[in-house]
Structures are given as structure tokens and as C-alpha cells.
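Sequence unavailable; structure follows:
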């Protein structure tokens, strides 16, 4: 009797989780994943407060939307090497916008 393996052969190592957050947890560890998730949650909540209550500028809102789009796609796909540095630049711009709005 032949066993159906659904394209998977025993002894083959699967190293692509196709989820950025699972990949961070596997390669960098659980503490690294928790720190990144806490940072992203703080960024999103502070950005939402700035956009809703402090009337943040239009460009700042677009940067946050781009970051959220990347994070949503990271749930279902592995990150692309060419896009990730751009998102990190956007993260820096978003943090600068939050710090600038809190100084006012």
C-alpha cells in the first residue's frame, strides 16, 4: 500500500515558513519575536492616536498605511529582500513622526 505524502518527502528540511513572524521566531528566538511584536503594537497604537486625535499630516498617514500593508502581507508570505529595507526606512519615518508629534 502506498502512502500519500502530498508532495513532502521524509528527510527533507523545510526552512521557509512563509510567514515573517514565524520566521523571526524560529531564526531569532521567541524573545526577539515578542520584542518586535510589542514594538509594532506600540507603533500602531501611538500612530492611530496621533492620526485620530492630533490630526497628523497626510504623508505620515500614508507611511503608516504602507507599514500596515507590509505587516498584513507578512502574515501570509515571507518578506521579500528588496522590500524589507524600504519598510524599515518607513518604520524610522513613522517613529520620527511619533516623537515629533509628542514633542508638541
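Alright, I've got the coordinates. In this text the structure is predicted, and so the values were computed from the model without any measurement. Residues are numbered from 1 along each chain as shown.

going forward, measure contacts between C-alpha atoms and count neighbours the same way
Fine.

Could you point out the longest helix of the chain?
helix 30-53 (DSSP state H).

Walking through this structure, point out its strands one by one.
For the chain, no strands are identified by DSSP state E.

Can you tell me how far the nearest residue to residue 54 once chain neighbours are set aside is from residue 94?
Nearest non-adjacent residue to residue 54, counting by Cα to Cα, 6 or more residues apart in numbering: residue 101, 7.9 Å away. Using Cα to Cα, to the nearest Å, residue 101 is found at 11 Å from residue 94.

which of these two has more neighbours?
Ranked by neighbour count (other Cα atoms under 10 Å), residue 101 and residue 94 place residue 94 first, with 23 against 14.

residues contacting that one?
The contact partners of residue 94, taken as Cα atoms under 8 Å, 6 or more residues apart in numbering, are 43, 47, 60, 63, 64.

gap between the longest helix of the chain and the chain center?
10 Å (Cα atoms, centre = their mean, to the nearest Å).

Torsion angles phi and psi at residue 28?
Main-chain dihedrals, residue 28, degrees, to the nearest 10: phi -100, psi -20.

Quick check, pLDDT for it.
Looking at residue 28, its pLDDT reads 90.

How many residues are close by it?
There are 11 residues near residue 28, going by other Cα under 10 Å.
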